[in-house]
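Asker: quick one: sequence and predicted model below, then my questions.
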Amino acid sequence: MTLTAKRFIVDTHAWIGYLDAESRYRDWIEKNILETPASVLAEVSMVLARRGIPKQIRNQAVQTITRKSIILPLEAKQAETIGDIVLAQKLHYADALVYAFASEEKPVLTGDSHFKGKPLVQFIE
């Protein structure tokens, strides 16, 4: 039996978990079709910088994400909905930006507790 790959919008939390070699993210990241908002690249780099990770390794992390994922630019369609998402879903701006790309066909892949129980999310325990 062959499993069909699913499409996901990947948030910072999931990418950091994957980069940290957390096993709960490995199959989700490696066996599906991934799309990542460009802002997540900046956020991943920021998180790693806060940890004191050298710039060369941060750049390698971003390159890993760009190899494994389609990078999505922020377009007017998503930008126009972010404020509404912040209010309706009670998410922080960065999370709302990621959520703006989600759909039934492409839920957000995350383990971030801010997303737990929300529609259009594949929550990884």
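Answerer: Great, that's in hand.
Asker: for the protein, give me the ranges with low pLDDT.
Answerer: Within the chain, the set of residues satisfying pLDDT under 70 comprises 1-3.
Asker: all helices for it, in order.
Answerer: 12-19, 23-30, 38-50, 55-68, 76-89, 93-99 (DSSP state H).
Asker: in stretch 95-115, which residues are buried?
Answerer: By 16 or more other CB atoms under 10 Å, the buried positions in stretch 95-115 come out as 95-102, 106-112, 114-115. For every residue, glycine as well, the C-beta is placed using N, CA and C.
Asker: I meant stretch 57-71, not that one.
Answerer: Buried, per 16+ other CB under 10 Å, within stretch 57-71: 58, 61, 62, 65, 68, 69.
Asker: residues in contact with it: which ones?
Answerer: The contact list for stretch 57-71 (CB atoms under 8 Å, 6 or more residues apart in numbering) reads 10, 15, 19, 29-30, 33-38, 40-41, 44-45, 48-49, 53.
Asker: thank you, goodbye.
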